[in-house]
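K.L.:
Let me see the structure of the following:
(one chain, ligands or ions: 2)
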Amino acid sequence: MSTPNSQRETSFFKDDQLVQSPVSSPSLHESPTSSPSLSPSFQNLKDLNGPRLPSQLTQNDTDSMQAAPSRETNVSTKKENTTPPRPSTSTSPNASSLTSSDSSPVPFQLNPQHKPQRMASEGYFAMPKQVSSLRTEYRPASLHHVPSFHSPGDSTPPSPLMLAQSMKRKGSTMSIPGQTSSVYSNPNSEGEGAGPEEKLVIIMVGLPARGKSYIVNKLVRYYNWLQYNCKAFNVGNHRRKQAFHGHDDASFFDPSNPETSKIREDMAMNTLSALLDWFENENGVVGIFDATNSTASRRKAIVEHLKNVPYVTTLFIESVCNDEQLIAANMRMKLFGPDYKNMDPEKSLRDFQERVRLYEQKYEPLGKFEEDLNLRYIKVIDVGKKVVAFNIRGFLAGQAVFFLLNFNLSPRQIWVTRHGESLDNTMGRIGGNASLTKLGKQYGEDLAMFIETKRAEFQDRLFFDVTRESNLMNHGNLSFQGKTYNSSFNNLYSTEHAVSTPIELDPEDEEKIIKPFSVWTSMMKRSMETAAYFDDEQYDIKAMRMLNEICSGICDQHTYEEIKNNYPDEYEARALDKLNYRYPGSGGESYLDVIYRLQSVIVEIERMKHHVLVIGHRVITRIIIAYFLGCRREDIAHLNVPLHTVYCIEPQPYGTNFYQYNYDPQTRTFTRVPFHV
Ligand SMILES: Nc1ncnc2c1ncn2[C@@H]1O[C@H](COP(=O)(O)OP(=O)(O)OP(=O)(O)O)[C@@H](O)[C@H]1O
Ligand SMILES: O=P(O)(O)OC[C@H]1O[C@](O)(CO)[C@@H](O)[C@@H]1O
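P.N.:
Ligands and ions are numbered 1, 2, ... in the order given. Modelled structure (predicted):
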């Protein structure tokens with residue numbers, strides 16, 4: 001193993017060259033423990049001893065909290081007679097705990113004397129009932145969170161007139177990550193006097209099998225991770241629920257059939273209405289209308305349907321694919337989808353090809369119609385090899401462009417782990433910049449060997465995936481990069497001594513198999529020391545400040561017990577809303593602050609086509625895994641991510657595979673365990 005590398009903060013991004021993504025054919029080797037298409041519920045992962053959230057409080061607790069004023073304004077609410085929820089205790093060995101040592105779960109208790117104080121320095125925001133007076137920056141997710149601009153202590157709600165007047169007075173500012181001032185900043189504002197936070201309707205456009213739903217699923221995950229309430233409304237799902245004879249074959253999509261065309265138009269508009277209802281009833285912020293929307297007349301009807309809806313802006317996203325090989329691969333994927341499940345594959349493929357042909361007859365790409373109406377749109381061509389953006393305005397629409405410039409389909413592995421055990425971990429102290437213990441160093445050394453092994457295994461899988469279609473179907477052994485493979489593909493083995501035929505691959509195929517491997521650490525000793533055992537000839541090792549652990553401000557280097565005793569208000573305030581709670585003191589952060597600090601890391605991981613290992617911290621690991629899991633907001637800060645555990649994330653054409661490996665310091669081995677999806 002190499003000697004520890006000298007680490008220095010490096011510039012994070014290389015020049016972003018948009019390159020065509022290689023064709024990805026699903027790798028059907030190692031079966032994941034998770035359903036690749038479903039974001040896991042991860043109830044098992046939840047921090048069972050963690051802070052009790054409002055949603056976890058018992059009726060009795062909630063009743064006692066009802067004692068607070070009926071409508072939370074922005075003044076501190078003395079929790080009169082609040083009987084704190086009973087500490088949750090758990091004997092489950094897997095239950096994570098609030099101690100940082102992760103060795104012995106400590107039941108979490110709210111301090112009964114706590115009376116959270118409103119912090120003068122923070123903005124005043126209407127808050128959900130239980131967290132009304134937390135020290136926090138709260139970013140309303142929808143119109144329903146309105147600012148209250150009257151003096152502290154005034155518990156009467158603002159009148160509509162007051163509200164309207166106060167809004168006129170307030171200039172609109174971009175709702176940018178980590179913003180701490182404006183409540184109703186309008187993410188799509190284009191100047192003074194904009195209304196309250198606007199909503200964005202994203203309308204997908206594209207022929208079947210162009211990746212629309214794939215893009216939609218990634219955008220939904222990305223916006224929700226950024227804490228913008230986002231949901232997809234797929235017309236195909238709506239249709240399948242109403243399929244008259246269980247299945248709609250290609251004729252249903254014939255544009256020359258007036259009856260089925262009417263049915264399809266009605267279904268599309270009904271789905272769009274469901275999206276608007278969601279805006280209204282569930283505080284939606286970004287609604288994605290997922291359909292082919294393949295004609296200007298359809299898109300005109302959509303614009304008409306939306307034009308009288310207040311505060312709604314639109315963004316069309318078209319996925320165009322000229323790569324015949326990718327289209328053919330996509331069509332093959334469709335045979336596993338809901339339209340053709342358990343049906344004859346050959347017949348299904350022909351039917352789907354006929355459906356595409358019927359759509360192609362009338363297909364009108366985004367262009368003059370939308371530009372004449374000044375409608376915002378993005379064209380994604382060949383998975384981002386080329387992107388055309390027209391009249392993009394507003395923060396939320398800009399986020400879509402930023403994301404769509406940076407995703408790809410290339411099979412690779414994303415590894416995430418915390419640093420090895422540090423001296424502070426052994427003492428239960430948070431934050432700090434301690435070095436590793438002997439055990440922590442051992443973990444780092446063994447981690448390097450484990451990743452090396454998994455890297456080689458994945459390369460073997462890629463070799464078979466990439467060469468499966470080529471001339472390798474002859475019988476005999478093959479040698480590639482010094483390894484010999486059994487070309488029968490029925491099992492994955494390589495032997496140094498078998499007689500083999502050297503195989504030469506073209507550079508494009510070779511690039512798909514031999515992938516670089518990045519190792520990213522924070523600038524904290526415990527993280528960089530864990531990476532010290534990776535060979536910097538074989539791994540691109542980078543240290544970056546944005547991966548630093550959450551800053552706990554005045555609580556830095558404290559144990560949770562000391563925080564509970566020295567800062568009981570803070571302790572309870574954080575327990576009630578770890579996501580939004582920001583530690584007081586210089587540099588103090590909330591989970592939300594760290595989410596926005598990690599935004600560019602997430603987008604870079606999405607952009608990369610090669611492997612990466614992030615050696616982070618507890619909060620960093622939670623937030624990265626939460627992104628790929630598509631976690632619910634209230635769960636992000638409670639994922640159970642103990643020390644000496646490695647997570648592997650493999651993006652798939654439909655969904656994501658997750659693997660988990662636990663380290664055994666006695667045997668110095670890593671064992672794959674169920675990811676608890
Ligand atoms: N930008 C893209 N261009 C082409 N193919 C893509 C793109 N993004 C993802 N894909 C691939 O397209 C395949 C099919 O994607 P998806 O099901 O989302 O198509 P679709 O356009 O929604 O089809 P349909 O309209 O029939 O629902 C996915 O398996 C994915 O690997
Ligand atoms: O958000 P939680 O559950 O307090 O965990 C974050 C803490 O975990 C640690 O990384 C390990 O103790 C601390 O440095 C950090 O403050």
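
K.L.:
need the helices for the stretch 301-450 of the chain, in chain order.
P.N.:
324-334, 345-362, 368-372, 395-404, 423-427, 438-467 (DSSP state H, counting those that start in this stretch).

K.L.:
got it, and the stretch 501-650 of the chain?
P.N.:
507-513, 525-530, 560-566, 568-576, 591-597, 599-607, 618-629.

K.L.:
State the pLDDT value of the closest residue to residue 616 other than its chain neighbours.
P.N.:
In space, and not counting its chain neighbours, residue 616 is closest to residue 547: 5.3 Å by Cβ to Cβ, 6 or more residues apart in numbering. Just so you know, the C-beta spots here come from the backbone N, C-alpha and C atoms, and that holds for glycine as well. Reported pLDDT at residue 547 in the predicted model: 98.

K.L.:
Could you give the number of residues near the closest residue to ligand 1 within the chain?
P.N.:
Per Cβ to the nearest ligand atom, residue 211 is where the chain lies closest to ligand 1, at 2.2 Å. For residue 211, the neighbour count with other Cβ atoms under 10 Å is 21.

K.L.:
Am I right that the residue nearest to residue 616 is in contact with residue 522?
P.N.:
Yes - between residue 547 and residue 522 there is a contact under Cβ atoms under 8 Å: 3.9 Å.

K.L.:
Touching both of those two, which residues are there?
P.N.:
Shared contacts of residue 547 and residue 522, defined by Cβ atoms under 8 Å, 6 or more residues apart in numbering, comprise 616-617, 620.

K.L.:
From those, pick the one nearest ligand 2.
P.N.:
Nearest to ligand 2 among the shared contacts of residue 547 and residue 522, with distances taken as Cβ to the nearest ligand atom, is residue 617, at 4.3 Å.

K.L.:
show me what contacts the residue nearest to residue 270 when sequence neighbours are not counted?
P.N.:
Excluding its sequence neighbours, the residue lying closest to residue 270 (Cβ to Cβ, 6+ apart) is residue 238, at 6.8 Å. Contacts for residue 238 (Cβ under 8 Å, 6+ apart) come out as 267, 270-271, 274.

K.L.:
Repeat that for residue 406.
P.N.:
16, 384, 603-604, 606-607.

K.L.:
And it, how close does it get to ligand 2?
P.N.:
28 Å (Cβ to the nearest ligand atom, to the nearest Å).

K.L.:
what do you get for residue 647?
P.N.:
With Cβ to the nearest ligand atom as the criterion, residue 647 and ligand 2 are 16 Å apart.

K.L.:
before we move on, what about residue 269?
P.N.:
Residue 269 is 45 Å from ligand 2, by Cβ to the nearest ligand atom.

K.L.:
what does the model give that residue for pLDDT?
P.N.:
93.

K.L.:
helix, strand or coil for it?
P.N.:
helix (DSSP: H, G, I helix; E, B strand; the rest coil).

K.L.:
How about the contacts made by the nearest residue to it once chain neighbours are set aside?
P.N.:
Of all residues not flanking residue 269 in the chain, residue 305 sits nearest, at 6.3 Å (Cβ to Cβ, 6+ apart). For residue 305, the contact set (Cβ under 8 Å, 6+ apart) comprises 269, 272-273.

K.L.:
follow-up on the earlier one: can you tell me the helix or strand for the residue nearest to residue 270?
P.N.:
Element membership of residue 238 [criterion: DSSP states H and E] is helix 235-242.

K.L.:
Extract the CA atoms of that helix and return them as PDB.
P.N.:
Extracted in PDB, the C-alpha atoms of helix 235-242 (Å, rounded to 0.1, in the frame of the first residue of the first chain):
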ATOM      1  CA  VAL A 235     -50.200   9.600 -18.300                       C
ATOM      2  CA  GLY A 236     -49.200   6.100 -19.100                       C
ATOM      3  CA  ASN A 237     -49.800   5.000 -15.500                       C
ATOM      4  CA  HIS A 238     -53.200   6.700 -15.700                       C
ATOM      5  CA  ARG A 239     -53.900   4.800 -19.000                       C
ATOM      6  CA  ARG A 240     -52.900   1.500 -17.600                       C
ATOM      7  CA  LYS A 241     -55.300   1.900 -14.700                       C
ATOM      8  CA  GLN A 242     -58.100   2.400 -17.200                       C
END
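
K.L.:
Could you give me the buried positions within it?
P.N.:
Buried residues in helix 235-242, counted by 16 or more other Cβ atoms under 10 Å: 235-236, 238-239.

K.L.:
And the furthest pair within those residues?
P.N.:
Among the buried residues of helix 235-242, the pair separated by the greatest distance (Cβ to Cβ) is 236 and 238, at 7.2 Å.

K.L.:
Mutual contacts of the two, please.
P.N.:
In contact with both residue 236 and residue 238: no residue, using Cβ under 8 Å, 6+ apart.

K.L.:
Tell me the residues of this structure that contact ligand 1?
P.N.:
206, 208-215, 236, 292, 319, 321, 326, 330, 333, 380, 383, 409, 653-654 (Cβ under 6 Å from any ligand atom).

K.L.:
picking up where we left off before, for the contacts of residue 238, which one is nearest ligand 2?
P.N.:
Looking across these and measuring by Cβ to the nearest ligand atom, the closest to ligand 2 is residue 274, at 36.7 Å.
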